[in-house]
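>>> Coordinates only, no sequence provided:
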């Protein structure tokens with residue numbers, strides 16, 4: 001019988017070693033993919049707010065001070081300080097800092113959106129747990145990126161009572177953290193926290209819009225999100241935590257929320 005000389009072939013024949021008459025499987029598992037990060041860059045940090053906005057929030061501020069960064073397309077910040085000195089009548093102090101952190105998609109850790117969302121939550125919790133904070137209040141902020149939270153509290157310092165406002169917002173794979181505080185020094189009245197928070201929310205919304213504009217998109221959902229292979233240079237959340245966001249937190253250690261006056 002010649003039946004033994006013909007092997008059954010239920011497949012397409014792909015991967016068959018025809019010389020040996022045997023079928024060898026050469027199928028490979030598909031390469032892992034992850035949703036591509038929507039935003040690829042960051043705006044100039046000291047230009048995310050308009051001159052009008054800066055005049056309102058930090059009226060006596062000079063040029064903004066850009067924070068240090070080893071990659072301004074992934075991590076950037078800028079801070080401004082303002083002191084309206086009225087001599088014996090007291091002074092009004094204001095400090096403003098905008099920090100931007102962008103996450104790349106990574107096949108191991110997940111999409112840029114996911115990583116940004118995780119960092120967003122950490123930033124909110126960090127603001128709520130600030131050392132020495134009193135009367136902490138948090139609230140969601142509408143119309144600012146994909147999600148945003150405002151945290152307010154006050155700090156008692158020897159120079160006076162500092163009213164701190166922090167707005168953390170996420171737009172796609174970018175997290176924007178805006179810190180704004182004010183104090184009445186040398187006997188001047190403490191600024192109204194509601195007024196400061198209103199200004200902080202408006203500034204955060206403008207900063208988020210600057211991120212979107214820098215990426216050539218008029219809406220946070222209009223960028224391409226086709227799956228792609230992992231980037232070889234992810235902007236990792238662990239890196240963001242371990243470096244403690246050099247650009248913003250290094251400024252915070254010497255400025256703002258009364259930190260500049262310690």
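Now that the structure is in, tell me what you want to look at. Not measured: the values here are computed from a predicted model. Residues are numbered from 1 along each chain as shown.

>>> what ranges do the helices span in the protein?
Ranges of helices in the chain, per DSSP state H, are 51-57, 112-128, 193-214, 237-242, 246-252.

>>> can I get those helices in CSV with mean pLDDT and distance to residue 41?
The way it works is simple: take the backbone N, C-alpha and C, and place the C-beta from them, glycine included. As requested, these are arranged in CSV below (pLDDT from 0 to 100; distance: least, C-beta to C-beta, whole Å):
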stretch, mean pLDDT, distance to residue 41
helix 51-57, 96, 22
helix 112-128, 97, 12
helix 193-214, 97, 6
helix 237-242, 42, 17
helix 246-252, 41, 15
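
>>> So for residue 44, which of the ones you listed sits nearest?
helix 193-214 (8.2 Å; C-beta to C-beta).

>>> so can I have a markdown table of the helices of the chain showing distance to residue 102 and mean neighbour count?
Converted to a markdown table, these look like this (distance: least, C-beta to C-beta, whole Å; neighbours: other C-beta atoms under 10 Å):
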| stretch | distance to residue 102 | mean neighbour count |
| --- | --- | --- |
| helix 51-57 | 22 | 14 |
| helix 112-128 | 8 | 20 |
| helix 193-214 | 8 | 20 |
| helix 237-242 | 10 | 15 |
| helix 246-252 | 12 | 21 |
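
>>> mind putting those in a markdown table, distance to residue 68 included?
Converted to a markdown table, the helices of the chain look like this (distance: least, C-beta to C-beta, whole Å):
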| stretch | distance to residue 68 |
| --- | --- |
| helix 51-57 | 21 |
| helix 112-128 | 19 |
| helix 193-214 | 19 |
| helix 237-242 | 15 |
| helix 246-252 | 6 |
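
>>> mind listing the strands for this protein?
16-17, 22-23, 34-35, 65-66, 75-85, 91-102, 134-140, 147-157, 160-171, 174-185, 227-228 (DSSP state E).

>>> Make CSV out of those and add mean neighbour count.
Shown next, in CSV, are these (neighbours: other C-beta atoms under 10 Å):
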stretch, mean neighbour count
strand 16-17, 14
strand 22-23, 13
strand 34-35, 18
strand 65-66, 16
strand 75-85, 21
strand 91-102, 26
strand 134-140, 11
strand 147-157, 20
strand 160-171, 26
strand 174-185, 26
strand 227-228, 12
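
>>> If anything else comes up later, I'll come back, but that's it for now.
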